[in-house]
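> I'll drop the sequence and a predicted model, then ask my questions.
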Amino acid sequence: MLCLERMSRLGITLCGIPLKNPVLAASGTYGYGIEFESVADLNSLGGIVVKGLSREPIRGNPPPRLWQTEGGMLNSVGLQNIGARAFVAEKLPALRRFDTAVFVNVFGYAQEDYAEVIRILDDAEGIAGYELNVSCPNTKCGGIYFSSDPALLSDLVKQVRPLSKRPLIVKLSPNVTRIEPLALAAQEAGADAISLVNTFVSLAIDAHSRAPRLGAGFGGLSGPAIKPIALRLVYDAAKAVRIPVIGLGGIRSGVDAAEFLVAGASAVQVGTANFWDPSSPVRIARELDDFMRKEKLKNVKELVGTLKL
Ligand SMILES: Cc1cc2nc3c(=O)[nH]c(=O)nc-3n(C[C@H](O)[C@H](O)[C@H](O)COP(=O)(O)O)c2cc1C
């Protein structure tokens, strides 16, 4: 009975995909999902967004790749991955055995790269949808980031959208002056949802050696330190678009997740918290349910976009 109550409180439909709860594991922090089988109950996750896949394997950046900061973490993994074909052949068969929604994060350095990855993945069974990581430089356009130019973003989404019937989520970068034009560009080009935020471009320095702390120099900041900025960006984006918004950035508790829903997100993702507690998305869903029960709410939808501002 308790279980059924929880299911009805937490259950949502995201872009036509039924999810047990609105808490997903964020890309790049949960590997290909199956590595976490022994440390988390994957069947209890709202969903898994697997690490970013490219058309060819990528070895990633030189070490060190992680640096812990006050309330957060810098990473420069460099999008290391085994490539879309190897994912389909070696990881997906094991991953699709689990009763959770699998979203695949896709990236590239030109429109054709994204298109090719989607073509490879779209023949495979067991994928609920795609999340486009657009925080990459377009090497054919002088290195301008897809995520920082509405026209470039729009062209990319328009090219990719017709290649699949599966839901397409566009993951926005926080490294912009205003998020609204980018959120709107994604929506008008055919995105089914947007997710935000990706990491903040950052720099950690060792004053003694005068060298960056990370092998690649710059890194991306994530974790609790970014939560207030992420909340503001989610609020701004959600006000600008009609499509669902998936919020993330520093979530580590059920109340944090509730804050993102209040800001306008329909679902959330959990990233850096997985580094200290790999079962945190499951725990956070349970805590969100406790919060809702105490607030006498019947479904998470009642929280979405309810900020009194
Ligand atoms: C080690 C690491 C690797 C990541 N890799 C990806 C990736 O492959 N694709 C992507 O879209 N985001 C990636 N991200 C960004 C996260 O999915 C998330 O957007 C960000 O960390 C903010 O959420 P958090 O504060 O909960 O971690 C990565 C983050 C970390 C920490």
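Perfect, I can see it now. Source: prediction; values computed, not measured.
> show me what contacts the residue of the stretch 1-150 of the chain found nearest the ligand?
Going by Cβ to the nearest ligand atom, the ligand is nearest to G28 of the stretch 1-150 of the chain, at 1.8 Å. Using the backbone N, CA and C atoms, a C-beta is placed for each residue, glycine as well. By Cβ atoms under 8 Å, 6 or more residues apart in numbering, the contact set of G28 is 51-52, 75, 77, 79, 105, 271.
> What parts of the stretch 51-200 of the chain come near the ligand?
51-52, 73, 75, 77, 79, 105, 133, 171, 198-199 (Cβ under 6 Å from any ligand atom).
> same thing but at 8 Å, please
Neighbours of the ligand within the stretch 51-200 of the chain, by Cβ under 8 Å from any ligand atom: 51-52, 65-66, 72-73, 75, 77, 79, 81, 105, 107, 131, 133, 135, 171, 195-199.
> returning to what we had before: of the contacts of G28, which is the nearest to I127?
Using Cβ to Cβ, N105 comes nearest to I127 of these, at 11.2 Å.
> can you pull up the bridge partners for the closest one?
Taking DSSP bridges as the rule, N105 bridges to E131.
> contacting residues around whatever residue of the stretch 201-309 of the chain ends up closest to the ligand?
Proximity of the stretch 201-309 of the chain to the ligand (Cβ to the nearest ligand atom) peaks at G271, 2.4 Å away. G271 makes contact with 25-29, 222-223, 248, 251, according to Cβ under 8 Å, 6+ apart.
> Most neighbours of all the residues you listed, which one?
I251 (31 neighbours; other Cβ atoms under 10 Å).
> Write down the beta-bridge partners of Q269, one by one.
Under the criterion used (DSSP bridges), Q269 bridges to L24.
> my guess is it contacts A26, does it?
Yes. Between Q269 and A26 a contact is recorded at 3.9 Å, counting by Cβ atoms under 8 Å.
> what do those two both touch?
Both Q269 and A26 are contacted by 49, 248, under the criterion Cβ under 8 Å, 6+ apart.
> In this model A89 seems to touch I120, though I could be wrong.
No. Between I120 and A89 there is no contact under Cβ under 8 Å: 10.3 Å.
> Looking at those two, which one has more neighbours?
Looking at I120 and A89 with other Cβ under 10 Å, you find the greater number of neighbours at I120, namely 17 against 12.
> Give the other helices and strands that the one helix or strand that one maps to contacts.
Using DSSP states H and E, I120 sits in helix 111-122. Counting contacts by 3 or more Cβ pairs under 8 Å, 6 or more residues apart in numbering; DSSP states H and E, helix 111-122 packs against helix 84-86, strand 101-106, strand 129-133, helix 150-160.
> what lines up beside the following helix or strand past the third one in the sheet?
If you walk from strand 129-133 toward the C-terminus, the next helix or strand you reach (DSSP H and E) is strand 137-138. With DSSP bridges as the test, strand 137-138 is paired with strand 144-145 (antiparallel).
> and the partner strand, average pLDDT?
Here strand 144-145 scores 90 as its mean pLDDT.
> got the contact list for that strand?
Taking Cβ under 8 Å, 6+ apart as the rule, strand 144-145 contacts 134-138, 152, 173, 175.
> Can you say which of those are buried?
By neighbour count, with 16 or more other Cβ atoms under 10 Å, the contacts of strand 144-145 hold 134-136, 138, 152, 173, 175 as buried.
> export those to TSV and tack on pLDDT?
Formatted as TSV, these follow (pLDDT from 0 to 100):
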residue	pLDDT
V134	95
S135	92
C136	87
N138	82
L152	95
S173	97
N175	96
